[in-house]
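Colleague: Structure here, sequence nowhere to be found:
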Ligand code: IPM
Ligand code: MG
């Protein structure tokens, strides 16, 4: 089974090492042989080839079963034109693979309750929200441009969705809701945006096929507020590309640290792209400080969605829980009375817990 590793920039390589460590351990335990191939993406690809997404990387990914991606970006490349920035490589690979559905679970481990910025009574028994973000459409991929000069200089990015794009993500949202708490919240800005009005219409139509799922609609500004006021009300959220980008960071922080959040990006053919939702954090790159748990849980999602290894995925989640129970913490989730460990040791601890 071929797995592509795209370490990328900043802490990307640090956490990719830990992701691979977990895959190796799981492979041994379940007697499955993974074959790895490394590809260039982001700033590192710009430095080596002049382009953030070399053709070779696309080919390699298309020819694989699953892809693990570290993180891309950094100050060094911030002055490049938009289409040559590291982020363009990330958007490009998502588009090239057709992975339109981005699953971003925001799960609060009970052990980390006090690391959340919210009060314990707001968090209740814990949080488990699945954010489903549309990933290959909307304003990220609409027409964009810049023209004119002086005070007349203007720039634009077009938010555009087709019915087909909304339908497929809506179906995915209802199916996921069906497999969990049967509640779907569709988030838009239909009081202002035409694209959101189409979104809402189509989601309502698709809902007719899922009568067993409770659907509600929420404006994005209200949703941002509700996530802080009463996060317990959410089960599955489905939303467009840019609202999903913003709300998943917000929901992520409710769980204590962005360093804890994995993601899976899926399309209609079987290739899945797995990445932590945090960024490349260049300031701590190579310092053995990054929290590898988001990456490790992204591997768990890979085992579940692409490799058909449910049992192994559960092992990984259980191992992470056990290591947290034992009091081990990376600096981002460190609290008094706990034991602080670095990236590598955290990876070792989880690996060990998997085979125990
Ligand atoms: C994310 C990131 C990316 C996005 C950036 C790095 C292009 O913020 O995956 O959430 O906006 O999609
Ligand atoms: Mg983001």
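Modeller: Good, I have the coordinates. Please read these numbers as outputs of a predicted model, since none were measured by experiment. Ligands and ions are numbered 1, 2, ... in the order given.

Colleague: Residue 338: neighbour count?
Modeller: 14 (other C-beta atoms under 10 Å). (Glycine included, C-beta is placed from N, CA and C.)

Colleague: Next up, the contacts around it.
Modeller: 327, 328, 329 (C-beta atoms under 8 Å, 6 or more residues apart in numbering).

Colleague: From those, pick the one nearest ligand 1.
Modeller: Closest approach to ligand 1 among the contacts of residue 338 (C-beta to the nearest ligand atom): residue 329, at 24.2 Å.

Colleague: Could you report the distance from the nearest residue to the closest one once chain neighbours are set aside to residue 331?
Modeller: Spatial nearest neighbour of residue 329, excluding adjacent residues (C-beta to C-beta, 6 or more residues apart in numbering): residue 338 at 4.5 Å. Distance, residue 338 to residue 331, by C-beta to C-beta, to the nearest Å: 11 Å.

Colleague: Please report how far residue 190 lies from ligand 1.
Modeller: Noted for residue 190: a distance of 22 Å to ligand 1, by C-beta to the nearest ligand atom, to the nearest Å.

Colleague: typo on my end, it should be residue 175
Modeller: Taking C-beta to the nearest ligand atom, one finds residue 175 at 22 Å from ligand 1.

Colleague: which SS state does the residue nearest to residue 38 when sequence neighbours are not counted fall under?
Modeller: Counting by C-beta to C-beta, 6+ apart, the nearest residue to residue 38 once its immediate chain neighbours are dropped is residue 5, at 5.2 Å. Assigned by DSSP: H, G, I helix; E, B strand; the rest coil, the conformation of residue 5 is strand.

Colleague: Run through the residues that contact residue 98.
Modeller: Neighbouring residues of residue 98 by C-beta under 8 Å, 6+ apart: 136, 267, 268, 269.

Colleague: For the stretch 251-356 of the chain, what lies in contact range of ligand 1?
Modeller: Contact residues (C-beta under 6 Å from any ligand atom) of the stretch 251-356 of the chain with ligand 1: residue 277.

Colleague: least confident pick among the contacts of residue 98?
Modeller: Ranked by pLDDT, those bottom out at residue 269, which scores 78.

Colleague: Report whether it is found in a helix, as I expect.
Modeller: No. Counting by three-state DSSP, one finds residue 269 to be coil, located in no helix.

Colleague: Near it, how many other residues are there?
Modeller: Look at residue 269: counted by other C-beta under 10 Å, it has 10 neighbours.

Colleague: Got the phi and psi for it?
Modeller: Note on residue 269: its backbone torsions stand at phi -90, psi 170 [degrees, to the nearest 10].

Colleague: mind listing what it touches?
Modeller: Residue 269 touches residue 98, counting by C-beta under 8 Å, 6+ apart.

Colleague: How about the top helix by length along the chain and ligand 1, touching?
Modeller: Longest helix in the chain by number of residues (criterion: DSSP state H): helix 12-29. No. Helix 12-29 lies out of reach of ligand 1 by C-beta under 6 Å from any ligand atom, never closer than 11.4 Å.

Colleague: Give the next helix or strand downstream of that helix.
Modeller: The first helix or strand that comes after helix 12-29 along the chain, using DSSP states H and E, is strand 35-38.

Colleague: Now the element after that next one, going C-ward?
Modeller: Beyond strand 35-38 toward the C-terminal end (DSSP H and E), the next one is helix 43-49.

Colleague: which helices and strands sit right next to that next one?
Modeller: The contact analysis (3 or more C-beta pairs under 8 Å, 6 or more residues apart in numbering; DSSP states H and E) places helix 43-49 against strand 2-8, helix 86-97.

Colleague: Can you say which of the ones you listed is packed in most?
Modeller: strand 2-8 (a mean of 23; mean count of other C-beta atoms under 10 Å).

Colleague: Would you list the strands that it pairs with, along with their directions?
Modeller: In the sheet, strand 2-8 lines up against strand 35-38 (parallel), strand 66-71 (parallel) (DSSP bridges).

Colleague: Distance from the chain centre to the last one, please.
Modeller: In terms of C-alpha atoms, centre = their mean, to the nearest Å, the centre of strand 66-71 is found 10 Å from the chain centre.

Colleague: got the buried residues for that strand?
Modeller: 66, 67, 68, 69, 70, 71 (16 or more other C-beta atoms under 10 Å).

Colleague: List the contacts of the residue nearest the centre of the chain.
Modeller: For the chain, residue 263 is the residue whose C-alpha lies nearest the centre (C-alpha atoms, centre = their mean; 3.1 Å). Shown in contact with residue 263 (C-beta under 8 Å, 6+ apart): 102, 103, 104, 105, 248, 274, 275, 276, 277, 298, 301.

Colleague: just the residues you listed now: which is nearest ligand 1?
Modeller: For the contacts of residue 263, the nearest to ligand 1 is residue 277 (5.7 Å; C-beta to the nearest ligand atom).

Colleague: For that closest one, which non-adjacent residue is closest in space?
Modeller: Residue 277's closest residue in space is residue 261 (C-beta to C-beta, 6+ apart), at 4.6 Å.
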